[in-house]
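> Structure for this input, please:
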Amino acid sequence: MDLFESAQHFWMWQMLLFVAVILALLAILNYAAARTAEWQNLPKGSFIEVDGVRLHYSDRGIGRPIVLIHGNLVTGDDYNTSGVAERLLRTCRVILFDRPGYGYSGRPRWRPPRLSARRSPDGRASCAGKTDGSIPLTSYPSRWVGVGTPSV
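Numbering: from 1, shown residues only. Alright, predicted model coming up:
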């Protein structure tokens with residue numbers, strides 16, 4: 001009986017080791033694929049540090065500035081893909097941000113993200129947010145000249 005039980009334990013340990021090796025290989029493959037995708041799709045904008053977090057943004061056009069803040073599961077580039085930025089570039093200076101933890105922006109570590117909105121230097125910037133991107137705007141409505149959600 002002992003021989004049979006030890007054979008079962010040996011087989012079980014072999015299976016656990018096999019599963020662990022497969023999971024480790026998948027993690028390495030996933031890491032390599034993510035680094036390759038990042039290398040092939042370099043950021044098109046610039047970076048600024050706010051409250052210790054590196055934020056990616058794009059600043060294009062001339063005219064009255066408008067800041068566009070994306071919603072969940074997308075990046076600031078979503079406004080380019082949907083055509084909203086191109087329409088606004090005809091008459092406005094368009095500033096697109098990747099929110100903390102999205103796109104090329106860093107994620108705040110060791111603390112929950114803070115929602116904040118700041119007035120533009122000249123006090124004339126309009127701001128628009130999609131879904132969750134409008135949360136910081138509605139928290140501080142008196143700081144923005146125009147607040148809204150764009151529709152295309």
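> All the helices of this protein, residue numbers only.
2-40, 78-82, 84-89, 135-139 (DSSP state H).
> Of those helices, which is nearest residue 50?
Counting by Cβ to Cβ, residue 50 lies closest to helix 135-139 out of the helices of the chain; the figure is 12.0 Å. No exception for glycine: its C-beta is placed from N, CA and C like everyone else's.
> what's the neighbour count on residue 33?
The burial count assigned to residue 33 is 10, neighbours taken as other Cβ atoms under 10 Å.
> From the recorded domain assignment, give the ranges for this protein.
As assigned by automatic domain parsing, the chain contains the domains 1-42, 46-148.
> weakest of those by average pLDDT?
Note on the domains of the chain: lowest mean pLDDT is at domain 46-148, with a mean of 73.
> before we move on, back to that, list just the one of the helices of the chain that sits closest to residue 100.
Of all the helices of the chain, it is helix 135-139 that lies closest to residue 100, at 10.8 Å by Cβ to Cβ.
> Buried ones in the lengthiest strand in the chain, by neighbour count?
What stands out as the longest strand in the chain, according to DSSP state E, is strand 53-60. Buried residues in strand 53-60, counted by 16 or more other Cβ atoms under 10 Å: 53, 55, 56, 57, 58, 60.
> Would you confirm that the first one contacts residue 102?
No - counting by Cβ atoms under 8 Å, residue 53 does not reach residue 102; the two are 11.5 Å apart.
> For residue 43, list the residues it contacts.
Going by Cβ atoms under 8 Å, 6 or more residues apart in numbering, residue 43 touches 56, 104.
> The buried residues of strand 53-60 into JSON lines, with extra columns for distance to residue 28?
Below are the buried residues of strand 53-60 laid out as JSON lines (distance: Cβ to Cβ, whole Å):
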{"residue": "53", "distance to residue 28": "28"}
{"residue": "55", "distance to residue 28": "30"}
{"residue": "56", "distance to residue 28": "27"}
{"residue": "57", "distance to residue 28": "32"}
{"residue": "58", "distance to residue 28": "33"}
{"residue": "60", "distance to residue 28": "38"}
